[in-house]
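Participant: Next one to model:
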Amino acid sequence: MALKATIFKADLQIADMDRGHYADYSLTLARHPSETDERMMVRLAAFALSADESLAFGAGLSSEVEPALWRRDLTGRIQMWIEVGLPDEKSVRKACGRADAVRVVAYGGHAAQLWWNKCAAALTGCKNLEVLDLPQAATRALAGLAQRTMRLQCSIQEGALLITDGKASVELEPRVLKPVEKSKGR
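Facilitator: Okay, here's the model as predicted:
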């Protein structure tokens, strides 16, 4: 018998000073049986970094054709594709061809650095790709906030996230491994 996903509920208040985005979200996260609390909470942090009313969780580990998160417009065009973890370089390049913008939120300490060293040259030409790396100590601490029902507040300022449940706080300072290349205006 196949194991079923574990359902987590998160009420997430976001105050993103960088983007001027202030909103409350009631989220349902399905944690795949092979997914750790750390990865699930990194997905939640990735949501906070790009939050808006049309951002949705994809099938993630359950599907090879959907990302961890994505934002689509009313026509179905993929505006933002967000992967979490250490995806293979071929799938990232494919996502860059399908979406207006792609973000990879890597984590895992030394493993993330090895992954980037392996993929960097092949992904340099992807102009719509941004790659962020979250510090391992912070993502492990973030996993400690995981509960089946969560009430979290997230403040974002100067790229750093502060996530708290009222008892404990975790600060995540993403390191930009590859910024999105700005298109030159006319």
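
Participant: ok, then the element right after the helix or strand containing Cys119?
Facilitator: Element membership for Cys119 (DSSP states H and E) is helix 110-123. For helix 110-123, the following helix or strand on the C-terminal side (DSSP H and E) is strand 129-134.

Participant: in the chain, what spans have low per-residue confidence?
Facilitator: Where the chain drops to pLDDT under 70, the residues are 1-2, 60-64, 183-186.

Participant: now the helices for it?
Facilitator: Here the chain has its helices, by DSSP state H, at 37-50, 89-98, 110-123, 136-143.

Participant: looking at those helices, which is buried most?
Facilitator: Sort these by mean neighbour count, taking mean count of other C-beta atoms under 10 Å, and helix 37-50 sits at the top with a mean of 23. Where C-beta positions appear, they are placed from N, C-alpha and C, glycine not excepted.

Participant: hang on, isn't Leu162 packed against Ala168?
Facilitator: No: applying C-beta atoms under 8 Å as the test, Leu162 and Ala168 come out as separate, 11.3 Å apart.

Participant: Can you say which of the helices of the chain is nearest to Tyr25?
Facilitator: For the helices of the chain, proximity to Tyr25 was assessed by C-beta to C-beta; helix 37-50 is nearest, at 7.7 Å.

Participant: now the closest one and helix 136-143, what's the angle there?
Facilitator: 100 degrees (axes from the mean of the first three to the mean of the last three C-alpha atoms, to 10 degrees).

Participant: Now do helix 37-50 against strand 129-134, angle only.
Facilitator: Orientation check (the same axes, to 10 degrees): helix 37-50 against strand 129-134 gives 130 degrees.

Participant: Need the residues that contact helix 37-50.
Facilitator: Here helix 37-50 makes contact (C-beta atoms under 8 Å, 6 or more residues apart in numbering) with 8, 10, 12, 14, 16, 25, 27, 29, 31, 55, 57, 60, 68-69, 71, 80, 82, 84-85, 103, 105, 107, 132, 134, 139-140, 142-143, 145-146, 152, 154, 156, 161, 163, 172, 174.
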